[in-house]
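Novice: The following comprises the amino acid sequence and a computationally predicted model.
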Amino acid sequence: MNPSTPPISRPPASPEPDGALASLWQTAWVGMIALAGLGLAASGLLHVGRETAAMTLGAAPAALALAVSLTRRPSAAQVPLLCAWAIGGALASLLTGGVGGPLGAWCLAPLAAAAFMGAPRRLALAGALSLGAAGLSTLGAALLNQEPPPPPLATALGLLAQVTVAGGLAAAFIRLGGGATRGELARRRFGELVSEQPLLLLGITGDGYVEAAVGRAPDGSAAGAFAGRMLIEAAVPADQPALAAALALAARDGVAQASFAPAGDPEGWAIVMLRARSATRLVGVVLDGRTQRVREMALERARDDAESQNAGKSRFLANMSHELRTPLNAIMGFSDIMRQRLFGPLSDRYAEYAELMHESGGHLLELINDILDMSKIEAERYELALEHFDLREAVAAVLRLIRGQADRAGVHLRGVLPKEALEGEADRRAVKQIVLNLISNALKFTPKGGSVTVTAQAVGGTLEIIVADTGVGISTEDIARLGNPYEQAGGVEQRAGGTGLGLSLVRAFAKLHGGDMTLESELGAGTTVTVRLPVLEAAGTPLLPQSAVQSV
């Protein structure tokens, strides 16, 4: 180019037809959302959360469209902008309860945006995007179980959504009205899209009368099959009470949902979501719920089968109590006779074998007793043998029984019991089993040189049994699992020492007495298990002074 030649000046890009009107609508959209957000926040109805996120997502497409309108070729971005309107509307609707929520009207924003673009061919795409946004919102809200906001906030958000969308659609159609043919075509296409959509939109009076219906019913019938009659008449007689209850709940709380079999398709299944527009008006959305119904029925059958199998297993083990214990007791009895040489001398090797048989039988009997006790509890066949006694005796008996095991493990075992009697009514064997399981667990996780302290005290009418050790402790992940049947913690050596039923039996026995169990632990700092049993007859002292304590 010749340097002396003046540069060619390009005229500024001319705006799109009626672009100023579109920009005005987009600005009004953003402004109304911002003002509504500030007003609701100032009134205390709106807090930072999913509602504010929904309003931000609803305003984002308008802000993006404003930015695009300042470029040279805004028409080239029409399709991406329509997609942005659809995505923003769908997500905003999803976060506030779906298409039946207060911001469900924003799913229609692509239609208003397409009308402002002045391109009728975009209306079909906008309609499809609106349907897609409604479907995505409905599906997402159902899967994520998104609940709508409370009525005062929901009413304000619903009004905001209706005003923004209705204003945009009205202005767009007025704009298109300059060409009568084009305006009529747009209105006809919009009406067809709304009536052909897979959702059924209802306008309902306060007494349940459907005064308007748009869309298609789940049974395939036209919307007119719902309009002009009571909503409960759309369901089979068996499901009409559920619809009546949902209508009453929506009128009272502002939102409700019910499932029913349509009167025109008794084998089908539908879901209606209701929302109060005012004190005398409701809006509703009816969805096809057959797929969800089939899934729920399959899950229910699977759950019933699993519960039946588990109950059968528990009943089998509970009924096998006598058959399992009788031969094992015989083995232990004969081996005990042999190891004591009651009928004559034995060689040292045979005596050693008899000792091993007796120890192994005792260990096996403990495991079988745990399994059988848990099976009886799961089968709800375990009955407490309540008796009146001094509960200190049960604790002291276990301490004497297990002290030898603690000495062999090199762990200092100490019992702290009150001098006064702990009179109460409980199952003696269950109380002993609670203390035995807790001490055995503590010894298993306490290394040589450590200590285990067992405390029994009265707190009001509740007996507290506290077993604290200085062992390796339990991780947070394991604490969440412990207490469930067959769950174990620790390393391979600790897991090999039992069935994982110790703590679950402790918790079960405590619940049978009306009490509970709590577990506190930290890796490297030991574990403390507290069992509370409301079995004492008289109030005791919450904290034991040293003068009222005796060590066992």
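Specialist: Happy to help now that I have it. Numbers count the residues shown, from 1 in each chain.
Novice: which ones are touching the residue nearest in space to the middle of the chain?
Specialist: For the chain, the residue sitting closest to the mean C-alpha position, by Cα atoms, centre = their mean, is residue 145 at 9.4 Å. Applying Cβ atoms under 8 Å, 6 or more residues apart in numbering to residue 145 gives no contacts. In short, each C-beta sits where N, CA and C put it, glycine included.
Novice: And it, how far from residue 302?
Specialist: As judged by Cβ to Cβ, to the nearest Å, residue 145 and residue 302 stand 20 Å apart.
Novice: and what of residue 507?
Specialist: 27 Å.
Novice: The two: which has the busier surroundings?
Specialist: The neighbour count for residue 507 versus residue 302, taken as other Cβ atoms under 10 Å, is higher for residue 507 (23 against 10).
Novice: Which strand or helix spans that one?
Specialist: In this assignment (DSSP states H and E), residue 507 forms part of helix 502-512.
Novice: got it, and residue 24?
Specialist: Here residue 24 sits within helix 19-42, counting by DSSP H and E.
Novice: Can you tell me which helices and strands that helix packs against?
Specialist: If you count contacts as 3 or more Cβ pairs under 8 Å, 6 or more residues apart in numbering; DSSP states H and E, helix 19-42 packs onto helix 50-69, helix 109-116, helix 151-176.
Novice: and of the ones you listed, who's closest to residue 244?
Specialist: Checking the helices and strands packed on helix 19-42 against residue 244 by Cβ to Cβ gives helix 151-176 as the closest, at 20.3 Å.
Novice: So which elements touch the closest one?
Specialist: Helix 151-176 packs on helix 19-42, helix 50-69, helix 109-116, helix 180-196, strand 270-276, going by 3+ Cβ pairs under 8 Å, 6+ apart.
Novice: Alpha carbons of the shortest one, as PDB, please.
Specialist: It refers to strand 270-276. Only the C-alpha atoms of strand 270-276 are listed here, as PDB (Å, rounded to 0.1, in the frame of the first residue of the first chain):
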ATOM      1  CA  ALA A 270     -47.700 -40.900  37.100                       C
ATOM      2  CA  ILE A 271     -46.200 -38.300  39.400                       C
ATOM      3  CA  VAL A 272     -47.800 -34.900  40.000                       C
ATOM      4  CA  MET A 273     -45.900 -32.000  41.600                       C
ATOM      5  CA  LEU A 274     -48.000 -29.200  43.000                       C
ATOM      6  CA  ARG A 275     -47.200 -25.600  44.000                       C
ATOM      7  CA  ALA A 276     -49.300 -22.800  45.300                       C
END
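Novice: what pairs with that strand, and is each one parallel or antiparallel?
Specialist: Under the criterion DSSP bridges, strand 270-276 sits next to strand 255-260 (antiparallel), strand 281-288 (antiparallel) in its sheet.
Novice: can you put these in JSON lines and add distance to residue 136?
Specialist: Formatted as JSON lines, these follow (distance: least, Cβ to Cβ, whole Å):
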{"stretch": "strand 255-260", "distance to residue 136": "19"}
{"stretch": "strand 281-288", "distance to residue 136": "13"}
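Novice: Mind checking these for the one nearest to residue 131?
Specialist: strand 281-288 (13.4 Å).
Novice: Quick one: closest of the helices and strands packed on helix 151-176 to residue 203.
Specialist: strand 270-276 (11.3 Å).
Novice: Just checking the distance from that closest one to the centre of its chain.
Specialist: Centroid displacement of strand 270-276 relative to its chain, using Cα atoms, centre = their mean, to the nearest Å, is 22 Å.
Novice: Please work out the average pLDDT along it.
Specialist: Throughout strand 270-276, pLDDT has a mean value of 87.
Novice: Helix 151-176 and that one, what's the angle between them?
Specialist: Inter-element angle recorded for strand 270-276 and helix 151-176: 100 degrees (by axes from the mean of the first three to the mean of the last three Cα atoms, to 10 degrees).
Novice: So what touches strand 270-276?
Specialist: 97-98, 100-102, 148, 151, 154-155, 158, 202, 204, 217-219, 231, 243, 246-247, 250-251, 254-262, 282-289, 292.
Novice: where does the residue lying closest to residue 104 once chain neighbours are set aside fall, phi/psi-wise?
Specialist: Spatial nearest neighbour of residue 104, excluding adjacent residues (Cβ to Cβ, 6 or more residues apart in numbering): residue 93 at 4.8 Å. For residue 93, the backbone dihedrals (degrees, to the nearest 10) come out as phi -60, psi -40.
Novice: Double-check residue 93 against residue 137; I have them as touching.
Specialist: Yes: using Cβ atoms under 8 Å, residue 93 is in contact with residue 137, at 3.9 Å.
Novice: Mutual contacts of the two, please.
Specialist: 99, 104, 107.
Novice: What is the burial count for the second one?
Specialist: It stands for residue 104. Count around residue 104 with other Cβ under 10 Å applied: 33.
Novice: What distance do you get for it to residue 137?
Specialist: Taken as Cβ to Cβ, the span from residue 104 to residue 137 is 7 Å.
Novice: anything in contact with each of those two?
Specialist: Shared contacts of residue 104 and residue 137, counting by Cβ under 8 Å, 6+ apart, come down to 93, 98.
Novice: so where's the stretch 251-400 of the chain uncertain?
Specialist: Residues of the stretch 251-400 of the chain that meet the criterion pLDDT under 70 lie in 289-294, 313-315, 317-322, 363, 378-381.
Novice: Quick one: the helices in the stretch 451-552 of the chain, in order.
Specialist: For the stretch 451-552 of the chain, applying DSSP state H, counting those that start in this stretch gives helices covering 476-481, 492-495, 502-512.
Novice: er, the stretch 301-450 of the chain I mean
Specialist: 321-339, 348-378, 391-409, 428-445.
Novice: Reformat those as JSON lines; add distance to residue 467.
Specialist: As requested, the helices of the stretch 301-450 of the chain are arranged in JSON lines below (distance: least, Cβ to Cβ, whole Å):
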{"stretch": "helix 321-339", "distance to residue 467": "28"}
{"stretch": "helix 348-378", "distance to residue 467": "18"}
{"stretch": "helix 391-409", "distance to residue 467": "10"}
{"stretch": "helix 428-445", "distance to residue 467": "4"}
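Novice: Please identify the deepest-packed of those.
Specialist: Highest mean neighbour count among these (mean count of other Cβ atoms under 10 Å): helix 428-445, with a mean of 22.
Novice: by how many degrees do that one and helix 502-512 diverge?
Specialist: Going by the same axes, to 10 degrees, helix 428-445 makes 150 degrees with helix 502-512.
Novice: I figured residue 157 hits residue 103, correct?
Specialist: Yes: using Cβ under 8 Å, residue 157 makes contact with residue 103 at a distance of 5.6 Å.
Novice: Tell me which of the helices of the stretch 451-552 of the chain sits most buried.
Specialist: helix 502-512 (a mean of 21).
Novice: If you count contacts, what does that helix end up packed against?
Specialist: Judged by 3+ Cβ pairs under 8 Å, 6+ apart, the packing partners of helix 502-512 are helix 348-378, helix 428-445, strand 516-522, strand 526-533.
Novice: Residue 87 is nearest to which of these?
Specialist: It's strand 516-522; of these, that one is closest to residue 87 (Cβ to Cβ) at 47.2 Å.
Novice: Residue 458 bridge partners, please.
Specialist: residue 463.
Novice: Roughly how far does it sit from residue 212?
Specialist: In terms of Cβ to Cβ, residue 458 sits 69 Å off from residue 212.
Novice: Of these two, give the one with the bigger neighbour count.
Specialist: Higher neighbour count among residue 458 and residue 212: residue 458, with 23 against 13, using other Cβ under 10 Å.
Novice: shouldn't the more buried one be in contact with residue 422?
Specialist: Yes: counting by Cβ under 8 Å, residue 458 does reach residue 422; the two are 5.8 Å apart.
Novice: circling back: so for residue 93 and residue 137, which sits in the more crowded spot?
Specialist: residue 93 (31 against 28).
Novice: Return the member of the helices of the stretch 451-552 of the chain having the minimum mean pLDDT.
Specialist: Averaging pLDDT over each of the helices of the stretch 451-552 of the chain puts helix 492-495 lowest, since it has a mean of 46.
Novice: Noted, bye for now.
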